[in-house]
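K.L.:
Quick one: sequence and predicted model below, then my questions.
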Amino acid sequence: MLAVSPLLLLFTMGSTDCDAYSTVTVPASDPTAPDTYDGVWWDDTYEELVSQDANFTYHLGANASVIAVGSGLDLNGGVKRVDMYPVVTRTCCLAGACTTGTFIKPTITDSQAGSVGSSVSNGVWVGAEVSRAAQVPSCPTGFSLTAWTYRWNTVATNFSNKSRTSPTRKIVYP
């Protein structure tokens, strides 16, 4: 069930439905880029939540699972689109010889419709389950997984096409 929980969360709440979001009117011009707020969500709570000015690294247990969240917030004009760009790196070892592979994952995107004068949400978020099983490709035959990292950047864009990119966020094992 946890594997589909991000989708369940998205379908039940919607990517623009969040307690921190409110309805705003899209202005004719919005020269300020949205803020990015990314985090790690587990058990109905943010374990880590940071703004565009902060980096974070979250350490995940061997069999644990969390949701990586990327979001944008524009209090004055609304967020049109959020894109989350995930990359997974894994290290596999056999008899002291290790190899590292990097895998670019599909971009996770959500957006909302609107134009000047429309009522829209001032925020949009996306998320992905992060666990060994959900994100990490298998090691070659005979090799053992010794470490992995799920990292991402979030790009939030407002209705005036001003955007901001977050610093790199990381979930790591061990």
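P.N.:
That came through fine. The shown structure was predicted, so the numbers you read here are calculated from the model rather than taken from an experiment.
K.L.:
Based on its surroundings, how many neighbours for residue 58?
P.N.:
Neighbour count of residue 58, defined by other CB atoms under 10 Å: 17. (Each C-beta comes from the backbone N, C-alpha and C, glycine too.)
K.L.:
Is it in contact with residue 46, as I believe?
P.N.:
No: between residue 58 and residue 46 there is no contact under CB atoms under 8 Å: 10.7 Å.
K.L.:
which neighbours do the two share?
P.N.:
Common contacts of residue 58 and residue 46 (CB atoms under 8 Å, 6 or more residues apart in numbering): residue 40.
K.L.:
Check which helix or strand residue 109 maps to.
P.N.:
strand 108-111 (DSSP states H and E).
K.L.:
For that strand, give the mean pLDDT please.
P.N.:
Per-residue pLDDT over strand 108-111 has a mean of 98.
K.L.:
Stretch 85-102 too?
P.N.:
Stretch 85-102 comes out at a mean pLDDT of 97.
K.L.:
Between the two ends of that stretch, how far is it?
P.N.:
Counting by CA to CA, to the nearest Å, you get 13 Å between the two ends of stretch 85-102.
K.L.:
List the buried residues of that stretch.
P.N.:
Of all the residues in stretch 85-102, those buried under the rule 16 or more other CB atoms under 10 Å are 85-86, 88-92.
K.L.:
So, low pLDDT: which residues of this protein?
P.N.:
1-19 (pLDDT under 70).
K.L.:
need the strands for it, in chain order.
P.N.:
Using DSSP state E, the strands found in the chain span residues 23-25, 35-42, 45-51, 56-59, 66-73, 79-94, 97-104, 108-111, 119-121, 123-130, 144-158, 163-165, 169-173.
K.L.:
Tell me how many other residues crowd the closest residue to residue 71 other than its chain neighbours.
P.N.:
Excluding the flanking residues, the one nearest residue 71 by CB to CB, 6 or more residues apart in numbering is residue 125, at 3.6 Å. By other CB under 10 Å, 30 other residues sit near residue 125.
K.L.:
now swap in residue 172 and tell me
P.N.:
With other CB under 10 Å as criterion, residue 172 counts 14.
K.L.:
need the buried residues of stretch 85-102 in CSV with distance to residue 68, can you?
P.N.:
Below are the buried residues of stretch 85-102 laid out as CSV (distance: CB to CB, whole Å):
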residue, distance to residue 68
85, 11
86, 7
88, 11
89, 14
90, 16
91, 20
92, 22
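K.L.:
Which one of the residues you listed is nearest to residue 146?
P.N.:
Among the buried residues of stretch 85-102, residue 91 lies closest to residue 146 (CB to CB), at 5.1 Å.
K.L.:
For residue 141, see how far away the residue nearest to residue 71 is.
P.N.:
39 Å (CB to CB, to the nearest Å).
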